[in-house]
Structures are given as structure tokens and as C-alpha cells.
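S.K.: Mind looking at a prediction? Sequence and model below.
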Amino acid sequence: MRTTTFWLLTAAVVAAVFGLSRYVTNDYYFFAAYLVLQYIVLATAWNILGGYTGYVNFGVAGFFALGAYSTVVLHKLWGPPIPVLIVVGGIVSGIVGLGMGYLTLRVRGVFFGIATLALAIVIQTFITNWDYVGGSRGVYIIRPATAPLVGNYIEYLFLVMLILAGMSVAIARTVEHSILGFGLATVRDDEMAAEASGVPTLRLKLVATVLSGALMGMAGAPMPYYVTYLDPASGFSLSYAVNAIAMPLIGGTANWLGPVIGAIFLGTIEQVATVTISSALNLLIVGVLLVFFVVVAPNGVMGMFQSRTRRGDR
Amino acid sequence: MSGPLLQVAGMGKRFGGFVALDGIDLAVERGERVGLIGPNGSGKSTFVNCLSGVLRNETGTVQFDGQALNGLPAYKRTRLGLARSFQLPRPFRSLTIAQNLRIPLVYTVNARRTGRRLTEAAIGERCAQLLGVVGLAEKADRRPSDLTQIEMRKLELARALAADPKLLIADESMAGLSHSEVDEILVLLGRLVDQGITIILIEHIMRAVMSFSERLVVLVAGRKIADGLPQEVIRNPEVERAYLGE
């Protein structure tokens, strides 16, 4: 399928989902769906670096919270509309991704993972001690009474996140099928051989890190309007990193569909468990499912379907 | 352009207190077939890694095709026309054989400022042609894990060739192969020489080195101890001592 066809198809799916949502009257479903969509963005973003190049980023919460806190700052300064906040959140996280990448992408494996985790902690410490954005007390965001386009604010947030999710998936798929995607695959397979074949590995990894970080920041930007109260403990919650890594691993990291399947599957289970059993159970479910998949289907749901045709790949 | 294709002067590399390369000088002319031998641990692979930019040599200079290579990352050296194959084959395992060859075509040949950019169709043609040269045409859509040892070595060479190099450094591309397989690779290398590619062959199999090389260089413990006509070099007492002992 051509890239333009895929973008059009994604747009059609987004429009269809939004159309169907007009028949939903219970606000709760929008709250729940927003979170699932947010995880589609985060999982897809993580996979652009983690799945395509094999560099495991544990600092998801850092990028996500950067987007959220960019919104807090802008909200206090001027209060621009959400699309602007998303763009700014993406730029801030993208720039931090570039800086982090430049400093850490020369190291591989566990060292890179630790460096990204450290970055998230550094950012959290900085935010916790920055009084303007609420410090450790947190900050209240009063959202406008009415929203553009759809009137109801939660439905508006749902629409925004739906478009963002569609965009992320289309971007991930475009990257995957481009020359860049092939280059990233060689980085994952064998970096030294990639260099010997003329692939500028550091530059490609930086592009992936910026793209991945920017999308995470964009996912975080509407967050303050969604929760209306943001503090560092929730903005930098461990569950973002755990979920954003677990979802692609469960769905499959080799292509764009894996993170989407993982996010919908795991995200829905978590939402159902939150209302039926307990909200504290979420991470336990993630953990158990992750262990299950690592043992039974190491290449994720997608890998289970492909294992017959591509047996013996790994 | 005049002057040697590759000119290495005083190359030195240490790992901590261990001197891996100690003042290596080497000039390779265009179209030359150079064999590089030495006992295990003599610094052959370190030498290749310094030439190709995987490692940084602390001292000395490398001139390639009239350009100083010092400090250039590996991918830029490949783009300048200095390709290498690896001692242990390092294919891109998640890509098909044909896609493995696409990578240097897209990232090296098309990234060069000089010359035309290959169209998508031309890339496919060149892939098929290279696969034909090394005899892997039937496996174009398979993955490296389906290949035998010699096929892996051929893929390794084909990928290096896809970068359209001026100089090819073949690092032990015959190790572990059978007698007839060695001959196959030799025929392949001979054909490349005919196409005007300069080759440095690093090898332990003396039969192969002696039949291929028109000049033989010997490294022992990080130093170059001999450089000249193969028949004279192997009669050199120092070389005999390095290989056979006192």
C-alpha cells in the first residue's frame, strides 16, 4: 500500500470512529477512550525508537510530562488553544530528545536505558522544584466551560487525541516503509555493518529519538486539561513508561500495527479492570501479561501470526 | 588522479598498555592485489578497523584517493569508496537478501554527491545483477538465516560490492570454507580485480593468499615485518620465524 493511501485510510478510520462516538452519550466512555488513545500514541512513539532501532527508552514519563508541563506554563502565560499546546509540547520534547540522543546514543543496550531513566528523574526533580508550575504541590488547570467544534470538553479532548493517534500511526507506518525505516532496521540488526554500508547511524538514531520524543510530548500536552489537576507524581508516573514499553512488546515491535494492537488490548483491559475490580490492579495486570507474552509469544501478537511464514528469523 | 590509492603512514593503535599497531606504513596502488597475513593477534583486524573507521588510530595518517581520512566516521569512508567485508559475516538479519544489498545502494551510491542517483528500477536491477555475480539470485527473497556459511560470505562480499568501492578490504572471507569453496571465492575476487577494484585480502589460507596476491604484507605483533613479492616474502627469515618459531 502506498503511503498516501495509508494516510487517507487512517483519516477515514479516525472520521468513522469520531462519527460513531457521536452516538455515545455517557461521558465516562470518552474518559476511558481518551486514555486508550493516549496509549496508542505513547506506544507508537516508543516503538519508533525502541522497536525500529532496538534502543530501549525508559524515560517515556519524562517526555510525556514535558509536554504536559509545557501546557501548564503556556496555560498560565496565555492559554492558547489545545492544538497550539500540542505543537509546543511536541517541540519541547523533541528538542530534549535531540539533546538526550546526542549525549546517549553512542552507548548501547542497558547503558542507554539507564541514561533515559536518569533523564526522566532529572526532569522530574527540576519540575518538582519549580514553583511556577506548582512544584510538588501540583497545579490546578481550570478548563473552559465549552469546547470548540463539539461543545462538550471531554468529547473535544477525545477528538484531539483521536486525531493525534491517527497521525502517530500514519507517521510510524510512513517511517517504517521509507528509506529511513530500512536504515533504522539495519541499526537494530547490526550497527557496525550498517556503518560499513554507508548508513549514518548516529544521524538516523537522532531522527528516531526526536520523532519519538516529540510524539510523547504531544500525547502529554492535553493531559492537564484532561485531569485538571497535575502534580509531578502523576505526570511522571511509572505507569507511562511501563505501559508504553509493555504495549509494543505485547503487540509486536516489528511494525506499526503491533503497538496499536497492544495499546488497544492492554489499555482496554486496564480500563475495564479499573471500574470493575480496582484501579491499583493495573500495573499487576500489565506485569502478568508481559511475563505471559515474553514466555509464550516473544514477538508479540503480530509475531504469533507471522511465525508460520517467517519461521526461524530470530 | 595520481599517487597511490591508499597511503597509510605511521599508524599506531594501543588498547591500554597493549600496542596493537606500531607505526604501520603501507601504500597500495590502484588495481593492486595485496595480501595481508600475520599470525593470530598480529593486528590485522585492528588495522582494518582503523582503516574503515570503526576504531580510531592514535597516531599516523591515512590518505585515501588523495583525501585524508583521519577522524571521518565509518559511513563517510564507505561513501568515499573504501568498503570492507567482515571476518564473521554480519548480515542484516531482519531484511531479505535483496534488501541487504539495497542498503549500500541507497545509503552509499545514492548518497554520493558525484554521479547520478539510481532510480528505484535501477536499484532493483543492480541488486539482481550483484546477486547474479555471487550466485545468490535464487535466494533474493530469503533471509540471511536461510543461508549456508559460504552463501553468507558471498552476501558479505556482495554487500561490500554494492557500495561500488574503489578499494575492497576482504577480511578473512574464506575462513572455514572447503577447498572448492575457497576456489569459488577466489574466482569471484579475480573478477572484481578485472573490473578495476583494488583488493586487500586478509587471509590465513596460504594457498589462497599465494595464488591471489601480487604483493604480500606481513604483520607480526603490530609491526610490518615484510612487504614485497609473495615468493620472496615467505622465504624471508623473519617471516619464517614468526610462523614456525626459531
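M.R.: Right, received. Where do you want to start?

S.K.: residue ranges with poor pLDDT in chain B?
M.R.: Scanning chain B for pLDDT under 70 picks out the ranges B:1-2, B:115, B:246.

S.K.: need the residues of it near chain A, please.
M.R.: By the rule C-beta under 8 Å from any C-beta of the partner chain, the part of chain B lying against chain A is B:52-54, B:73-75, B:78-79, B:83-84, B:86, B:90-95, B:99, B:102-104, B:106-108, B:111, B:143, B:145-146, B:159-160, B:162-163. C-beta coordinates here come from the backbone N, C-alpha and C atoms, glycine included.

S.K.: So which of those belong to helices?
M.R.: Among the residues of chain B next to chain A, the members found in helices (DSSP state H) are B:Ser52, B:Ala74, B:Tyr75, B:Thr78, B:Arg79, B:Gln99, B:Arg102, B:Ile103, B:Pro104, B:Arg159, B:Ala160, B:Ala162.

S.K.: Which one of those is nearest to A:Val286?
M.R.: Ranked by distance to A:Val286 (C-beta to C-beta), these are led by B:Gln99 at 34.5 Å.

S.K.: Around the closest residue to B:Pro91 other than its chain neighbours, count how many other residues there are.
M.R.: Nearest residue to B:Pro91 in three dimensions, chain neighbours excluded: B:Pro144, at 3.6 Å (C-beta to C-beta, 6 or more residues apart in numbering or on different chains). Counted with other C-beta atoms under 10 Å in any protein chain shown, residues neighbouring B:Pro144 total 22.

S.K.: now A:Met161
M.R.: By the criterion of other C-beta under 10 Å, A:Met161 has 27 neighbours.

S.K.: now it: how far from A:Phe31?
M.R.: Distance of A:Met161 to A:Phe31, given as C-beta to C-beta, to the nearest Å: 11 Å.

S.K.: wait, what's in contact with the residue nearest the centre of chain B?
M.R.: Centroid check for chain B by C-alpha atoms, centre = their mean gives B:Ile169 as the closest residue, at 1.3 Å. Taking C-beta atoms under 8 Å, 6 or more residues apart in numbering or on different chains, we find B:Ile169 in contact with B:Val48, B:Leu51, B:Ser52, B:Leu82, B:Ala83, B:Arg84, B:Ser85, B:Ile199, B:Ile200, B:Ile202.

S.K.: Tabulate those in JSON lines, adding columns for neighbour count.
M.R.: Shown next, in JSON lines, are those (neighbours: other C-beta atoms under 10 Å in any protein chain shown):
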{"residue": "B:Val48", "neighbour count": "22"}
{"residue": "B:Leu51", "neighbour count": "25"}
{"residue": "B:Ser52", "neighbour count": "21"}
{"residue": "B:Leu82", "neighbour count": "27"}
{"residue": "B:Ala83", "neighbour count": "28"}
{"residue": "B:Arg84", "neighbour count": "27"}
{"residue": "B:Ser85", "neighbour count": "25"}
{"residue": "B:Ile199", "neighbour count": "21"}
{"residue": "B:Ile200", "neighbour count": "24"}
{"residue": "B:Ile202", "neighbour count": "26"}
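
S.K.: In TSV, list those residues along with distance to B:Leu192.
M.R.: Listed next are those as TSV, based on distance: C-beta to C-beta, whole Å:
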residue	distance to B:Leu192
B:Val48	17
B:Leu51	18
B:Ser52	18
B:Leu82	15
B:Ala83	11
B:Arg84	13
B:Ser85	11
B:Ile199	6
B:Ile200	12
B:Ile202	15
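
S.K.: Take those and keep only those in strands.
M.R.: Among the contacts of B:Ile169, DSSP state E puts B:Leu82, B:Ala83, B:Arg84, B:Ser85, B:Ile199, B:Ile200, B:Ile202 in strands.

S.K.: for B:Gly41, helix, strand, or coil?
M.R.: Recorded secondary structure, B:Gly41: coil (DSSP: H, G, I helix; E, B strand; the rest coil).

S.K.: Excluding chain neighbours, what is closest to it?
M.R.: Leaving aside its sequence neighbours, B:Gly41 sits nearest to B:Ala221 (C-beta to C-beta, 6+ apart; 7.8 Å).

S.K.: and what of A:Val84?
M.R.: A:Leu74 is the one closest to A:Val84 (C-beta to C-beta, 6+ apart), at 7.6 Å.

S.K.: Check A:Ile163 too.
M.R.: Nearest to A:Ile163 is A:Val14, by C-beta to C-beta, 6+ apart, at 6.0 Å.

S.K.: What helices and strands are in contact with the helix or strand the one you found falls within?
M.R.: Per DSSP states H and E, A:Val14 falls inside helix A:3-21. Secondary-structure packing of helix A:3-21 (3 or more C-beta pairs under 8 Å, 6 or more residues apart in numbering or on different chains; DSSP states H and E): helix A:153-176.

S.K.: Now with 10 Å, please.
M.R.: Judged by 3 or more C-beta pairs under 10 Å, 6 or more residues apart in numbering or on different chains; DSSP states H and E, the packing partners of helix A:3-21 are helix A:27-50, helix A:153-176.

S.K.: what about dumping the CA coordinates of the last one to PDB?
M.R.: When you say that, I think you mean helix A:153-176. Written as PDB, here are the backbone C-alpha positions of helix A:153-176 (Å, rounded to 0.1, in the frame of the first residue of the first chain):
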ATOM      1  CA  TYR A 153     -15.000  19.400  26.600                       C
ATOM      2  CA  ILE A 154     -14.200  15.800  27.200                       C
ATOM      3  CA  GLU A 155     -15.500  14.900  23.700                       C
ATOM      4  CA  TYR A 156     -13.200  17.600  22.300                       C
ATOM      5  CA  LEU A 157     -10.300  16.100  24.100                       C
ATOM      6  CA  PHE A 158     -11.300  12.700  22.800                       C
ATOM      7  CA  LEU A 159     -11.400  14.100  19.300                       C
ATOM      8  CA  VAL A 160      -8.000  15.700  19.700                       C
ATOM      9  CA  MET A 161      -6.400  12.500  21.000                       C
ATOM     10  CA  LEU A 162      -8.100  10.500  18.200                       C
ATOM     11  CA  ILE A 163      -6.500  12.700  15.500                       C
ATOM     12  CA  LEU A 164      -3.200  12.600  17.300                       C
ATOM     13  CA  ALA A 165      -3.300   8.800  17.500                       C
ATOM     14  CA  GLY A 166      -4.200   8.500  13.800                       C
ATOM     15  CA  MET A 167      -1.300  10.900  13.000                       C
ATOM     16  CA  SER A 168       1.200   8.900  15.100                       C
ATOM     17  CA  VAL A 169       0.200   5.600  13.500                       C
ATOM     18  CA  ALA A 170       0.500   7.100  10.000                       C
ATOM     19  CA  ILE A 171       3.900   8.600  10.800                       C
ATOM     20  CA  ALA A 172       5.200   5.400  12.200                       C
ATOM     21  CA  ARG A 173       4.000   3.500   9.200                       C
ATOM     22  CA  THR A 174       5.500   6.100   6.800                       C
ATOM     23  CA  VAL A 175       8.800   5.800   8.600                       C
ATOM     24  CA  GLU A 176       8.800   2.100   8.600                       C
END
